[in-house]
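# Next comes the sequence, and after it the predicted model I'd like to discuss.
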Amino acid sequence: MICLLVFICCLAAVTALTVGMVLKVVTTLVEAFLDIVVRYGVILICTALICLAVFILAGMVIELIHGANILLLLLSLGLWVLSLGLAAFFASLIGSLAYLLIALACAAVMFLSDLLGELSMSLFNGMLGIMAKQSGRR
């Protein structure tokens, strides 16, 4: 009878230790996964907000070139400040502004690639226009 009681106590202790270790491993994995999701999610959010700010700034410059509507410029400026502020806020949520710099670099790469695409399309359209004018002169 005493042997059976000792066996049950040992089995309960081993089971509790095993369940505790499994739960500790699972919670550590879940925490690590959520940490990665939050960090990269914040980087993606910051990148999107910075891209939005850059495109708003480009729109303001285009608006200035084509004749500025002051109300539209003020609205654009407000959206620009808001998007940069939100990017800084989301980066500060995870405690490091280094993620804001990473997002800024990602946004710069995206903006430069879009700018190069636009420039190549403009050059292509310009070449087509020149070719059409030359063929029309003949």
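Done, it's in. Numbering: from 1, shown residues only.

# center of this protein - which residue?
Centroid-nearest residue in the chain, with Cα atoms, centre = their mean: L44, separated by 1.4 Å.

# Name the nearest residue to it, ignoring sequence neighbours.
Of all residues not flanking L44 in the chain, A103 sits nearest, at 7.9 Å (Cβ to Cβ, 6 or more residues apart in numbering). Quick note: C-beta positions are derived from backbone N, CA and C, even for glycine.

# ok so, going back, what strand or helix carries the residue nearest to the centre of the chain?
Per DSSP states H and E: L44 is located in helix 2-65.

# Now do that helix: which elements does it pack against?
helix 70-93, helix 98-137 (3 or more Cβ pairs under 8 Å, 6 or more residues apart in numbering; DSSP states H and E).

# Turn the ones you listed into CSV, including distance to R39, mean neighbour count and mean pLDDT.
CSV is the format used below for the helices and strands packed on helix 2-65 (distance: least, Cβ to Cβ, whole Å; neighbours: other Cβ atoms under 10 Å; pLDDT from 0 to 100):
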stretch, distance to R39, mean neighbour count, mean pLDDT
helix 70-93, 10, 15, 73
helix 98-137, 7, 12, 72
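
# Export these as CSV, with columns for distance to L34.
Converted to CSV, the helices and strands packed on helix 2-65 look like this (distance: least, Cβ to Cβ, whole Å):
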stretch, distance to L34
helix 70-93, 13
helix 98-137, 16
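
# mind checking which of those helices is nearest F55?
Among these, the nearest to F55 by Cβ to Cβ is helix 98-137 (7.8 Å).

# In contact with the residue lying closest to L64 once chain neighbours are set aside, which residues?
Counting by Cβ to Cβ, 6+ apart, L64 lies nearest to L73, which is 7.3 Å off, once chain neighbours are set aside. Residues in contact with L73 (Cβ atoms under 8 Å, 6 or more residues apart in numbering) are 60, 63-64.

# ranking those by neighbours, who comes first?
Comparing the contacts of L73 by number of neighbours (other Cβ atoms under 10 Å), M60 comes first, having 19 neighbours.

# who's in contact with it?
73, 76-77, 80.

# Let's have the contacts of L73 in CSV, adding distance to L112.
CSV is the format used below for those (distance: Cβ to Cβ, whole Å):
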residue, distance to L112
M60, 19
E63, 22
L64, 22
